[in-house]
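S.K.: Sequence and computational prediction follow.
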Amino acid sequence: MALKNLTNWLLWAGLMAAIIALLGWGARPNMLGLFIASGLAVGSLYALGGIGIVVLYRATGVLNFASGAAGAAGAMTAWQLVAWGWWPPLSWAACILVALVLTLAYGRLIAPQLAWRDPVVKAVATLGYALILLGLVSFLWIDEPRSITLPTDDVGVRLLGLRITATRLIVFAASILVVVGIWLFLSRTRVGLQMRALANDRSLAALLGIPILRVETIAWGIAGLMAGFTGLMFANLIRLEPVVITFMVIPSIAAAICGRLESLLLVLLGGLSMGVIENLLTLDPTLRGVRPIAPFVIAALVLLWYQRGARLTFGGRD
Amino acid sequence: MDPRLFRITPSGGWGLALAALAFVFLPMVSTSYWLSVFTSAACFTLALAGVAFMYARLGMVSLTQVGLMGVGGWVALRLNHAYDFPFEVNLILAATVTMICGWLLALPALRMRGLYLALVTLMAAGGLEIVFATFQFPNGGEGFWGVQTGSGEAFRRPWLAQSPENYLRYVIVCAVLGFLLIELHRRLQPGRAWALIRRSEAAAIAAGVNVTLYKTWAFGISGLLGGAAGALLAGSLGLLDDGTFRASESVMLFALAVVGGARHWLGVVIAAALYKVLPALLNLWGVDADLAFVIFGAGLLHAVITAPDGIAGQILGALRKKGGRNAAG
Amino acid sequence: MLRVEGITVRFGGVVALNEVSASFTAPVSGIIGPNGAGKTTLMNVMSGFLTPVSGQITMEGQDLLRLPPHRRAHWGLRRSFQREEIADDLSVFDNVLVQTDHSRTPSGEKRREVARMLDLVGLGAMAERMGADLNTFERRLTDVAKCLVGQPKVILFDEPAGGLSVEETHRLGALIKAIPGESGAKVLVIDHDVDLIREICAETLVLDFGRRIAFGPTDAVLADPRVKAAYLGTEEVGA
């Protein structure tokens, strides 16, 4: 088992090195470094989105298609508050708060009604919620170019001879901290243990007397916080546009797939790899135009790799 | 041949009657604005039929049907500008190519079920969106991608259906043929196999059903219908725009299939109407089209939570109850 | 004779079946054991849903484990699951017809055989009823009819009497007992209802914790103290 994992790791490392070498051939190391750094930032966004999805999915069985929409609502709220003259840090807090409230509302009011149904059904329902949120947000704010700026956008940090904006560094650091933080939470705290029990087997957890509602609420809360933060960062680094932020959930799901919807570390690595490869494709004249396709192709290949040799198996309880 | 193969159920009878009515009257009463809307709706009805039957009969979620429509549209456009084939040939070739894409999509699907399968189709939708956005749709230019700047050449419509009115009729007929194709499958071996696969793949295998074959075949049919719908849409509009085939549209199409009611032809028609007619109506009434999203979302939540058979299911359920009361009272 | 030789199944670290062997010669044989013993696992190996780490299953010269799962059905293996897997969307007739869809027999002949088997199990009048409209017993009977079409060689029943009343269990038991005579197929039955097993099975295999602890004529097996210990436990003396 350990050996199989080792080959997977080596394969991934080898492939990444090969791709970087292939695409970066002939480019100045500085250039290459910048592309990789920027790719890591975008990849961190994918990873953060994916982490939020995976944490919630493992605890509740719900694949939250509405995480992007909640983030979009939060980001637009933040923009609006700044436009009204609020102190920016408060508006960022508002962004996260709005996303949190919207996500929790779904988690407490709607999700329980679908608690024991098929995961596909639960995911489809979040889709409905995403459409509602998207419709409301699009309705409230007319379609025009907007942006959210953070003070760290202008701050440059010199790292390994490269100049990287502080925002990008923050996003990257955040993705790592979140993974570590959640890992500590799941493995060291009581609630974390309960959440792992719930993720493992919901029916058994219920029988054991684990307070399902409380644990799930916490999971929804974490998801909401992450949606808010990711939405804000996405609005800053990519684009502040409700539809775009709403459907960033799709590459987030791509990152989540890399983690097999269960391993946060793999989601992080998957997301980062996707971001880097997508950015590096800019260096290739033929593939430059289609580079946004990178996350999807990678996710599809990863999924096929995980499922290779899998046959329908029916363990069956005796 | 079992004569029961050709029997028309009451529901089928109503469907054919509605189609006949639409065939005769719809083009007569529509302005050019509405002709275009209804033709669009009819094309998407065909595509929706593909999504709906996969979900209702096999429990498989396809989040990439609009993307597949794009493939069909692309092939039809490319063939139209490259060769002199009549429309029908382009249509058949486009549908066939998309069917093969459906088979390719089935490959990962064979090893996955439920949510993972839906996610794979979502990844495909995302990929197709990028491809269309990057390479656009053929409009008479050179090279494989066939795109040139400026306006393109005309798209040749079917000989029988040059005018917008007749084209709408043509598309309605194609949609009906699509439904009949699915119904034919349902009445024969594929339908039985699919029903058993839906219940339990293990049971299907134990019954000697070649699950791989029938799942792949279902994806193929779904692709066939989607590709045909895309080609028909190309014929209606003359040129296709990549914005029509985004991943979000595929997701929306599936959502509406559930809202309308995937099990019944009426649900598919309702879904197409919601997708194309409702926004047109809202536009006409000066209501913000964004509210359509809210309606769709609420409808989807409602359908998922309380009405698994969608709007069609609720309508038919109410009719059945009324019929029962009439018979008893 | 259905020969099971040295079947071992592992799930990660758990050994679900441990060198299980038995040669089933009786027309109807039983497989019993406490929960988790491996009974369904053994049937899943026969059906092809699980691959054993080692072992063989042969009948009439055919090595079953070599055949892909859906080909075992073509060969003549039939499986009835713990939960009756009857498609809600299909009629009773169609549910049974699926079993023979793969064969090249002319359609008319297939349909006549389906009708005959439905009459045999007592569902002749309900052929057009939808799967969703059947009760548990009718679903089980449809299941049985499905197992009978297409010249079956081995029929596996996994807890067929689950959810049935005493009366229905009797009827089902009589039906199962008559199967070898009707179709020439060998029948294996898993059940917890010891009376049913005693009634219809001439020989029985007992499993516990994945191991065979007894095999032979049913009465002898049921009287075996080791079997009783497996079900009821033993008394700890001086504990």
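M.R.: Sure, I can see it.
S.K.: count of neighbours near A:Leu193?
M.R.: Neighbour count of A:Leu193, defined by other Cβ atoms under 10 Å in any protein chain shown: 15. (Glycine included, C-beta is placed from N, CA and C.)
S.K.: So it versus chain C, what's the distance?
M.R.: Counting by Cβ to the nearest Cβ, to the nearest Å, the gap from A:Leu193 to chain C is 22 Å.
S.K.: where's the helix or strand of chain C with the lowest mean pLDDT relative to the chain centroid, distance-wise?
M.R.: In chain C, no helix or strand scores lower on mean pLDDT, DSSP states H and E than helix C:225-232, which sits at a mean of 81. Put simply, helix C:225-232 sits 23 Å off its chain's centre (Cα atoms, centre = their mean, to the nearest Å).
S.K.: list the buried ones in it?
M.R.: By 16 or more other Cβ atoms under 10 Å in any protein chain shown, the buried positions in helix C:225-232 come out as C:227, C:230.
S.K.: which residue packs closest to A:Ala254, ignoring adjacent ones?
M.R.: A:Ala299 (3.7 Å; Cβ to Cβ, 6 or more residues apart in numbering or on different chains).
S.K.: Would you confirm that that neighbour contacts A:Cys258?
M.R.: Yes - in this structure A:Ala299 lies within contact range of A:Cys258 using Cβ atoms under 8 Å: 6.3 Å.
S.K.: secondary structure class for the closest residue to chain A within chain C?
M.R.: Closest approach between chain C and chain A, counting by Cβ to the nearest Cβ: C:Phe49, at 4.0 Å. When classified by DSSP: H, G, I helix; E, B strand; the rest coil, C:Phe49 comes out as coil.
S.K.: Let me see the mean pLDDT of the biggest helix by length in chain C.
M.R.: Counting by DSSP state H, the longest helix found in chain C is helix C:166-183. The average of the pLDDT scores along helix C:166-183 is 92.
S.K.: now swap in stretch A:145-163 and tell me
M.R.: Here stretch A:145-163 scores 81 as its mean pLDDT.
S.K.: Give me the contacts around that stretch.
M.R.: A:30, A:33-34, A:37, A:75, A:78-79, A:82, A:88, A:92, A:164-167, A:169-170, A:232, A:235-236, A:239-241 (Cβ atoms under 8 Å, 6 or more residues apart in numbering or on different chains).
S.K.: what do you get for stretch B:33-46?
M.R.: Under Cβ under 8 Å, 6+ apart, the answer for stretch B:33-46 is B:26-27, B:30, B:69, B:164-165, B:167-168, B:171-172, B:174-175, B:178, B:225-226, B:228-230, B:232-233, B:236, B:253, B:268-269, B:272-273, B:275-277, B:280.
S.K.: can you list residues touching both of A:Ala299 and A:Cys258?
M.R.: Residues touching both A:Ala299 and A:Cys258 (Cβ under 8 Å, 6+ apart): A:270, A:274.
S.K.: Spit out the contact partners of the residue nearest to A:Ala254.
M.R.: Applying Cβ under 8 Å, 6+ apart, we find A:Ala299 in contact with A:253-255, A:257-258, A:270, A:274, B:119, B:123.
S.K.: One more pass at 7 Å, please.
M.R.: A:254, A:257-258, B:123 (Cβ atoms under 7 Å, 6 or more residues apart in numbering or on different chains).
S.K.: Nothing else from me, thank you.
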